[in-house]
Each structure stands twice: as C-alpha cells, then as structure tokens.
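Peer 1: Just to be clear, the model below is a prediction. Sequence and coordinates:
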Amino acid sequence: MNDDVIKVRGLTRTFRLRSGPVHAVRGIDLSVPEGEILGLLGPNGAGKTTTLRMLATLLPPTGGRAEIAGHDLRRDPAGVRRRIGYVAQSGGLDPSCPVREELVTQGRLHRLPRGEARARAAELAAALDLTGLLDRPTAALSGGQRRRVEIALGLVNRPAVLFLDEPTTGLDPGARAEMWDLVRRARADFGTTVVLTTHYLDEADALADRIVVVDAGAVVEEGTPADLKARHGGGSLQDAFLAITGRSVPDTAPVAV
Amino acid sequence: MLGDIGVVFGRYLRATLRSKTNLFFGMLQPLLFLALFGPLLTRLDLGTAGSSWQTFVPGVLVQLALLGGSFVGLGILMDRNLGVVDRMRATPVGPVALLLGRTLRDVVQLVAQSVLLVLLALAFGFRAPVAGVLAGLAFVAVLSMALAALSYGLAMNVRTSPEFAAVTNTAVMPLMLASGLLLPMSLAPGWLDGMSRAVPFRYTVDAVREVFLGHYANGTVAAGAAVTAGLAALCLVAAARLFRRAVSL
C-alpha cells in the first residue's frame, strides 16, 4: 500500500463519432502522492481535458481503473465527487449570479448546512481576496477575478484533490502569477493535491512539482521539471518538450477534447 | 435527495426572480392571445357551454404550459455551454435532483404566470368558481412538470441550441394545433377531431374547461386527470433516463 491520493491504471476513452472512433486517451497510468502539484503538459488534443473530465466523474472511461481519495471511480463516483473540486476550462460561472450566491449554493450542493455554507463562502472570499466583490454578478468581474471565484468554488468542500483545466489560459501575466500563488497557497493551507493541465511550459516549470507529458492520449514522459530538462539536452523545458513530442511548442489557443 | 432538490430549486428560482424581463416575455405570447385573439370569439358559437371565454381561457393556460414547459431546455443548454452543469455534476448532488430542482422552478413560474392570466381574463369577462380555478391550475402544474422535465432531458442530449429549437418546434406546433387549445374540437371535421384524440393535451384542456364550469365529477375530468397524470409519469421517467444517460458514470 502507498499513500497516493490518485491511482490511475490503464485509463482509456474512445469517442465513437460518425467519422469513426477517436482514441482520445489510450491507456494512462498516474500515481499522485498527497499534497503534490502535478502538471499534465501536452499539445492541444493530447487528451489532457478528457483525462481530467474522467477523473472528475464527468465522463465515463472506456477502460481502465482509477481511485481518487480512496474512492473507486467506477463503483463510487459519488464518493469521489465529495472529495474533489473541479474547475473546467470554461469556468462554470453563471454571468447573472452574484459571487456570494454562487459560493453559498456550491457549498449547499456539497451538503453544507446553510450557516456553514455562508461561513465557508466568507472564509474563501477572504482567502482569495474576493470579499469586496461578493455582491457583484460574475459578469461584472475581470478575467482574473472570475478565475479566482471559480477556484473558490472548487475549494468549497475542502477537497482532497483539486482538478484545474488550463487555469491560466486567457489571463494576463499579473493574473497568471497571482493564480500560481493561489494554487500554492491552497496546497500549503489545506494540503490539497492539485492536478492541472497546461500547455504553457513556463507554468509547468514554475508551478508543478512533477510534470507528466501527455501526447496522443498516452504518457510519454514524466519527472520533475529539472529531471526533464536534464534528460533532454540540459536546456530549457521547451527543448525538452520538443524532444519529447517531436513537434514545436503549441500555439496558445486551446482546443478542448 | 429532497434537500438537494430544494437547493437546486432555490438557486434557479432566484435566477428567475433576477431576470424580470424573462418572466414578462414568457407571459407575453399567451397574454397577446388573450387580448388580441380572445375578443374575436365572443360573438361566435363555439358549440360549448358558457361564454367563449370559458372555452378560450383554459386553452391559453394549457398553451402557456405547453410552450413555457417545452422550451425550458434552452436554459440548461446555456448552462451546459457555460460549464455550470459540469460544475454541479461534480458535486454529490445526483442527476435526478438537478433535473427535479429545475423542473420544480418551472412549475412554480408557470403556475404564477397562469394565476396572472386568470386575473386578467376576469377583466375580459371570464368567470369561474374558485375551486374550479384551483383545479385548473393543478392541471397546468402537472402538465408543466411533465413537459419541462422532458425538455431538459432532450436538451442534455442534443448538441446545439438551434438543434434543440428545431426538434422542439417541430414537435410542439402540430401538437398544439391538433389538441384544440385555441378553438374547441367541437368545431372540427370528423378526421381532425379523431386525430386530436391521440394528442394528450386535448384531454387536459377539455378537463380544464369542465372544472372552470364548476363540473368536477364527470368522465371528461376523469379522463383529463388520468391522461395528464399518465403523461407526467411517462415524461418524468423518460426525462430521468435521458438526463442520466447524458450525465452520469
């Protein structure tokens, strides 16, 4: 036995389209120890989002097994949902809903009693510097503020694991740095394990304890940022990425699978 | 489960109350029918008991349930595109609670709108006993629930809003015309009358017309209650399946 909070073995997902099957994920293995920040790095269409959606119980796997925070993904998806937070690329905010109400309702959806949900909302707002924004509709927030609200929603149930799908896509450099800081703080304050996808090499380098490079639906390399750089020519992570995936650094517009 | 439904219901009820324009525009169409179409009927012989309003107002109420209920799926499609549905699905709240919480909101909204329509109709000369109006609203509530739930189930299984609107429009228009909502089927030629007997809403609207006249214990009301309840049961089961299929592991 080990104390890995995420154990994934042979996870696959095939989409059956009219044009034929698409093997989006072809057998991914992952072991993530508690408290780690893991970066899933890969080009567009590598299967990162599909993998994350499967682990967040939103998409049934075609094959393989996974255990998250002690709950089997297939047998006990409700148990998994209690212990995770998930922030999609699209964010999941209702533009007309005020921040406070989103936070309190999310707590209630995690079955916190009303008073506790309110207290949790206030607490997260303070921690994520949202207190002054609580009565604004989310449409009236900047991109960086919206992202912070989305992360707060993902932390409402004090999850063991927080899944973040491209958390900094579309943010300006200042907001990106702020987001990195916030992810580190979530780990420091709550011991939250974080799995995030990115195709920004600097992000993986700065934020992740360990990087798993995914390409064409499979894990092609893994290690700390320093390991990867050393193993692939001793240059930058960009050189390593090029060496591993055999292609140039992806463009910045993400495509969800 | 009930607690979960309550949380989802509360969230969407507050969303409805925030968007007052939506509330108004949802009512606009039946309101226009009442004001601009209803008066055309007052001097016609519809072959039914009472004034033409006794026949027409129940039709407008069922039409509100039919149109208002069938298109609620557009709301969940929007939520789906924003990622709101996924965010809620990644919580312990099950798919059926997500479905029923939203549906309950729609029932409350459509019944509230029906009450307003009945009050307006009173100004035009519509008269009905209070018990009859309450019974009529109960029919509207059950029908709204059936159609709203089915609409969500469908919306979770189509890709885009235009696709959803096309399917729903295609289904709703002929059903509305063939159920004798606007004018009673007593005016219809035999073939149309026969055809309309296959449309469940016909039984609902006929029953509402009866209870608005103060007739409660007859075959028409019994048939309307049975058909409406049966339809609701079928729609809820189908909707739960459609929702689950699109949603869960």
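Peer 2: In hand now; what should we look at? Numbers count the residues shown, from 1 in each chain, chains lettered A, B, ... in the order given.

Peer 1: show me what contacts residue 225?
Peer 2: As the question left the chain open, I've gone with chain A. The contact partners of A:Pro225, by C-beta atoms under 8 Å, 6 or more residues apart in numbering or on different chains, come to A:Ala204, A:Asp205, A:Ala208, A:Ile211, A:Leu237. For every residue, glycine as well, the C-beta is placed using N, CA and C.

Peer 1: wrong one, I was asking about chain B
Peer 2: B:Phe139, B:Ala207.

Peer 1: 7 Å - rerun?
Peer 2: By C-beta atoms under 7 Å, 6 or more residues apart in numbering or on different chains, the contact set of B:Ala225 is B:Ala207.

Peer 1: Which of the helices or strands spans it?
Peer 2: Per DSSP states H and E, B:Ala225 falls inside helix B:219-247.

Peer 1: now A:Glu116
Peer 2: Secondary structure assigned from DSSP H and E places A:Glu116 in helix A:114-127.

Peer 1: For the stretch 151-257 of chain A, which segments count as helices?
Peer 2: In the stretch 151-257 of chain A, the helices defined using DSSP state H, counting those that start in this stretch lie at A:173-190, A:201-207, A:225-231, A:237-245.

Peer 1: my read: B:Ala49 touches B:His215, true?
Peer 2: No - contact criterion C-beta atoms under 7 Å: B:Ala49 and B:His215 do not qualify, at 8.8 Å.

Peer 1: more crowded one of these two?
Peer 2: B:His215 (14 against 11; other C-beta atoms under 10 Å in any protein chain shown).

Peer 1: Surely the more buried one is within a helix?
Peer 2: No - under the criterion used here (DSSP: H, G, I helix; E, B strand; the rest coil), B:His215 is coil, not part of a helix.

Peer 1: send the alpha carbons of the lowest-mean-pLDDT helix or strand in chain B over as PDB?
Peer 2: Within chain B, no helix or strand scores below helix B:20-32, which has a mean of 80 by mean pLDDT, DSSP states H and E. C-alpha atoms of helix B:20-32 as PDB (Å, rounded to 0.1, in the frame of the first residue of the first chain):
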ATOM      1  CA  LYS B  20     -37.700  40.000 -14.600                       C
ATOM      2  CA  THR B  21     -37.700  40.600 -18.400                       C
ATOM      3  CA  ASN B  22     -37.700  36.800 -19.000                       C
ATOM      4  CA  LEU B  23     -40.700  36.500 -16.700                       C
ATOM      5  CA  PHE B  24     -42.500  39.100 -18.600                       C
ATOM      6  CA  PHE B  25     -41.600  37.800 -22.100                       C
ATOM      7  CA  GLY B  26     -42.600  34.200 -21.100                       C
ATOM      8  CA  MET B  27     -46.100  35.600 -20.500                       C
ATOM      9  CA  LEU B  28     -46.300  37.800 -23.500                       C
ATOM     10  CA  GLN B  29     -47.500  35.300 -26.000                       C
ATOM     11  CA  PRO B  30     -50.400  33.900 -24.000                       C
ATOM     12  CA  LEU B  31     -51.200  37.500 -23.000                       C
ATOM     13  CA  LEU B  32     -51.400  38.600 -26.600                       C
END
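
Peer 1: And the contacts of that helix?
Peer 2: In contact with helix B:20-32 (C-beta under 7 Å, 6+ apart) are residues B:Thr16, B:Val60, B:Gln63, B:Leu64, B:Leu67, B:Gly68, B:Gln113, B:Leu116, B:Leu117.

Peer 1: biggest separation within these, which pair?
Peer 2: Farthest-apart pair in the contacts of helix B:20-32 is B:Thr16 and B:Val60; separation 21.0 Å (C-beta to C-beta).

Peer 1: List the contacts of the residue positioned nearest the centre of chain B.
Peer 2: Taking C-alpha atoms, centre = their mean, the centroid of chain B lies closest to B:Ala65, which sits 1.9 Å from it. Counting by C-beta under 7 Å, 6+ apart, B:Ala65 touches B:Leu110, B:Val140, B:Leu143, B:Ser144, B:Leu147.

Peer 1: Please look at the second one and B:Gly59 and confirm they touch.
Peer 2: This means B:Val140. No - using C-beta under 7 Å, B:Val140 makes no contact with B:Gly59, being 11.7 Å away.

Peer 1: Counting neighbours around each, name which of the two comes out higher.
Peer 2: Per other C-beta under 10 Å, whichever of B:Val140 and B:Gly59 has more neighbours is B:Val140, with 28 against 25.

Peer 1: in a helix, that's where the more buried one is, yeah?
Peer 2: Yes - under three-state DSSP, B:Val140 sits within a helix.

Peer 1: and the gap between it and B:Val57?
Peer 2: To B:Val57, B:Val140 is 11 Å away according to C-beta to C-beta, to the nearest Å.

Peer 1: what about dumping the CA coordinates of stretch B:76-83 to PDB?
Peer 2: The C-alpha coordinates for stretch B:76-83 follow below in PDB (Å, rounded to 0.1, in the frame of the first residue of the first chain):
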ATOM      1  CA  ILE B  76     -29.900  24.200 -19.500                       C
ATOM      2  CA  LEU B  77     -28.200  24.200 -22.900                       C
ATOM      3  CA  MET B  78     -26.900  27.700 -22.000                       C
ATOM      4  CA  ASP B  79     -25.800  26.400 -18.600                       C
ATOM      5  CA  ARG B  80     -24.100  23.500 -20.300                       C
ATOM      6  CA  ASN B  81     -22.100  25.700 -22.600                       C
ATOM      7  CA  LEU B  82     -21.000  27.900 -19.700                       C
ATOM      8  CA  GLY B  83     -19.800  24.800 -17.800                       C
END
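
Peer 1: quick one: buried residues of it?
Peer 2: Neighbour counts over stretch B:76-83 (16 or more other C-beta atoms under 10 Å in any protein chain shown) mark B:Ile76, B:Leu77, B:Asp79, B:Arg80, B:Leu82, B:Gly83 as buried.
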